[in-house]
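>>> quick one, fold the following:
(one chain, ligands or ions: 2)
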Amino acid sequence: MIIQSKELSSDVSEKADVCVIGSGAGGAVMAKELSEGGHSVVVLEEGGYFTREDFNQKALDMFALLYRDFGLTAAVGMPAIPIPTGKCVGGTTVINSGTCFRVPDYILKSWEEDYDLEGLTSEALRPSFERVEEIINVAPVSLEVIGKNALVFKRGTEALGLKGAPIARNAKDCRGCGVCAFGCPADAKQAMHLTYIPLSSQLGAKIYANCRAEKILTEQGRVRGVEGVFLDQKTNKKTHKMKVEARVVILAASALYSPALLLRNKLANSSGQVGRNLRIHPASRVAALFDEEIEGWKGVPQSYYVDEYFEEGIMLEGIFTPPGYGATNLPFFGKQLKELMKDYRHFAAFGVMISDTSRGRVRVNRKGRPLITYRMKREDARKMAKGVAIISEIFFAAGAKKVFPYLPGLPEINSRQEVDKIRKRRAKATDFGMMAFHPMGTCRMGRNPRKSVVNSHCEAHDVANLFICDGSIFPSSLGVNPQLSIMGFATHTASYINANASRYFYT
Ligand SMILES: Cc1cc2nc3c(=O)[nH]c(=O)nc-3n(C[C@H](O)[C@H](O)[C@H](O)COP(=O)(O)OP(=O)(O)OC[C@H]3O[C@@H](n4cnc5c(N)ncnc54)[C@H](O)[C@@H]3O)c2cc1C
Ligand code: SF4
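Ligands and ions are numbered 1, 2, ... in the order given. Here you go, the predicted model:
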């Protein structure tokens with residue numbers, strides 16, 4: 001049952017075993033798995049509930065409907081980095097690209113060594129990942145919808161003898177229309193609003209949309225429930241109050257908003273680590289002009305990857321935006337940009353994402369709004385420059401006439417030899433037009449309560465029965481897109497809670 005604020009005429013009060021805050025990758029999985037474990041579940045989601053009828057494929061409408069703050073959330077720093085996130089039933093999974101990777105084995109091993117985490121091996125997590133992959137239908141993208149943007153890049157990758165492959169995605173009967181970031185109009189992308197949310201609802205969970213959690217109630221070091229408010233979908237004004245009495249609270253409001261809620265509540269932060277250690281996988285892109293027609297907006301926008309340099313922290317992944325929004329793929333302004341847009345059919349574009357060692361932080365201001373800061377280290381800027389250089393080389397190897405690396409003083413290059421100009425630069429963060437899509441790390445896991453916020457079962461060290469199950473738990477960058485890992489960890493945590501039900505629900 002999905003209840004929206006417009007259906008309510010009075011305040012709401014609920015009693016449940018579990019209250020889940022947030023309905024994205026982490027929250028939706030917890031809701032379904034704990035409902036299946038026989039527990040009564042109430043989900044609070046700040047965003048509205050939307051379906052494919054609402055997804056009109058128009059960028060501006062969809063930013064207003066499905067994204068938080070019109071997609072303008074950003075980390076302050078040099079440079080400022082936009083970090084868009086979803087705000088709707090299904091969270092950021094509704095507007096993401098559908099790329100699925102499991103957390104790499106060597107990352108898990110590094111957590112074991114650096115954070116004393118036990119029992120989180122690939123082998124231990126395998127059943128959880130398999131369960132998720134089956135439910136959201138993870139499979140490599142098919143050649144029919146891979147798109148020419150990817151095929152051109154594949155050609156260049158193979159010409160240079162580098163390692164790449166089609167991306168595995170959570171999609172079913174994808175028709176390659178290219179607008180994944182604006183909500184899938186074909187219900188092909190198996191986001192949470194089509195999979196785990198309906199499954200939890202069938203199992204009896206109640207999902208309240210337009211309901212913002214504001215206070216986590218505790219008593220003697222243990223959670224008691226959550227208080228929140230309902231918001232009008234159009235005006236965002238408060239309409240009614242919400243109170244849920246619950247024995248277990250799952251905080252899954254994302255790596256930007258879970259720490260903000262904890263900081264506002266002055267909760268679970270004896271370590272001082274809440275909001276710190278923010279990693280974002282900074283990303284940039286390179287475009288290229290070809291003689292041949294590419295029509296990069298046709299096909300899955302993110303359908304091919306190159307992981308040859310993965311262990312150096314550099315991952316290359318497809319990216320293309322539809323023409324209506326496509327000017328962001330190209331350098332220059334005004335007349336020059338207008339000229340380039342005439343050739344938009346002949347453009348290809350690819351993205352570089354780096355596994356960051358730099359850190360940011362989420363704080364809250366006096367009004368309780370999150371303030372995000374991030375400072376990129378030179379080491380990461382160098383990785384970014386290397387990624388930009390490799391993409392440029394791949395494009396030239398594929399036959400590009402011109403490549404646009406978007407660097408100050410180097411908006412375009414005309415030959416493979418000129419790629420050296422990128423390699424020889426002393427790269428710094430302000431060289432790149434960056435975005436980031438993967439906030440992580442702000443309530444990190446660890447064994448030591450003085451250095452981490454949750455333990456290896458994702459339970460807060462400081463507050464019994466409070467679990468954090470979203471991107472904020474990862475102690476370091478994953479290096480790969482995180483949604484599948486968030487879902488895998490949530491499944492693993494839910495089976496732990498279900499197996500220890502007597503401790504969490506009946507004492
Ligand atoms: C454009 C884009 C493309 C992406 N592509 C990919 C991809 O292809 N593959 C991949 O792995 N990852 C991708 N990601 C990232 C991925 O979708 C996220 O990492 C993942 O969804 C995060 O899961 P989460 O549970 O941490 O938070 P979210 O999925 O963001 O869910 C959090 C939910 O909590 C709600 N919430 C916040 N505060 C409150 C509150 N106080 N009360 C109630 N509700 C609240 C939010 O509204 C939101 O719906 C992409 C992200 C973006 C922006
Ligand atoms: S490309 Fe596929 S998954 Fe993306 S919006 Fe179109 S049909 Fe949906």
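
>>> how close does the closest residue to Met435 other than its chain neighbours get to ligand 1?
Nearest residue to Met435, sequence neighbours excluded (Cβ to Cβ, 6 or more residues apart in numbering): Pro82, at 4.9 Å. (C-beta placed from N, C-alpha, C; glycine too.) Using Cβ to the nearest ligand atom, to the nearest Å, Pro82 is found at 9 Å from ligand 1.

>>> same deal with Thr239?
Applying Cβ to the nearest ligand atom to Thr239 and ligand 1 gives a distance of 15 Å.

>>> doesn't Arg212 make contact with that residue?
No - counting by Cβ atoms under 8 Å, Thr239 does not reach Arg212; the two are 11.1 Å apart.

>>> which residues of the protein score low on pLDDT?
Low-confidence segments of the chain, defined by pLDDT under 70: 323-331, 507.

>>> hmm, Gly178 is touching Trp297, no?
Yes - between Gly178 and Trp297 there is a contact under Cβ under 8 Å: 4.8 Å.

>>> next, count neighbours for Phe333.
Neighbour count of Phe333, defined by other Cβ atoms under 10 Å: 9.

>>> no, scratch that, I was asking about Asn448
Applying other Cβ under 10 Å, we find 11 residues neighbouring Asn448.

>>> run a quick neighbour tally on Arg164.
One correction, residue 164 is Gly, not Arg. As a burial measure, Gly164 scores 21 neighbours (other Cβ under 10 Å).

>>> check Cys458 too.
Neighbours around Cys458, by other Cβ under 10 Å: 28.

>>> who's in contact with it?
Listed by Cβ atoms under 8 Å, 6 or more residues apart in numbering, the contact partners of Cys458 are 445, 467-469, 473, 489, 493.

>>> want to throw those residues into JSON lines with neighbour count?
Putting those into JSON lines (neighbours: other Cβ atoms under 10 Å) gives the following:
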{"residue": "Met445", "neighbour count": "25"}
{"residue": "Phe467", "neighbour count": "29"}
{"residue": "Ile468", "neighbour count": "30"}
{"residue": "Cys469", "neighbour count": "31"}
{"residue": "Ile473", "neighbour count": "29"}
{"residue": "Phe489", "neighbour count": "28"}
{"residue": "Thr493", "neighbour count": "26"}
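
>>> closest to Glu45 among those?
Proximity of the contacts of Cys458 to Glu45 (Cβ to Cβ) peaks at Cys469, which lies at 14.4 Å.

>>> chain neighbours aside, what residue packs nearest to the closest one?
Leaving aside its sequence neighbours, Cys469 sits nearest to Gly26 (Cβ to Cβ, 6+ apart; 4.1 Å).

>>> what's next to the helix or strand that contains Arg126, contact-wise?
If you go by DSSP states H and E, Arg126 is part of helix 122-135. Residues from elsewhere that reach helix 122-135 (Cβ under 8 Å, 6+ apart): 29, 100, 102-103, 105, 108, 138, 190, 195-196, 199, 484, 487-489, 491-492, 495.

>>> and the contacts of whichever helix or strand comes after that helix?
The first helix or strand that comes after helix 122-135 along the chain, using DSSP H and E, is strand 138-140. The contact list for strand 138-140 (Cβ under 8 Å, 6+ apart) reads 100, 132, 165-171, 484.

>>> that older thread, which of the contacts of Cys458 fall in helices?
Among these, the members falling in helices (DSSP state H) are 489, 493.

>>> export the contacts of Cys458 to TSV and append columns for distance to ligand 1.
Formatted as TSV, the contacts of Cys458 follow (distance: Cβ to the nearest ligand atom, whole Å):
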residue	distance to ligand 1
Met445	14
Phe467	13
Ile468	10
Cys469	7
Ile473	9
Phe489	10
Thr493	12
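
>>> buried residues of stretch 74-81, list them for me.
For stretch 74-81, a neighbour-count test (16 or more other Cβ atoms under 10 Å) marks 74-75, 77, 79, 81 as buried.

>>> gap between the closest residue to Ala205 other than its chain neighbours and Gln4?
Leaving aside its sequence neighbours, Ala205 sits nearest to Val41 (Cβ to Cβ, 6+ apart; 4.0 Å). The gap separating Val41 from Gln4 is 18 Å, by Cβ to Cβ, to the nearest Å.

>>> how far does stretch 116-128 stretch from one end to the other?
For stretch 116-128, the separation between the terminal residues is 21 Å (Cα to Cα, to the nearest Å).

>>> buried stuff in it?
Residues of stretch 116-128 classed as buried by neighbour count (16+ other Cβ under 10 Å): 117, 120, 125, 128.

>>> one more: stretch 266-274?
Those would be 267-269, 271, 273-274, for stretch 266-274 by 16+ other Cβ under 10 Å.
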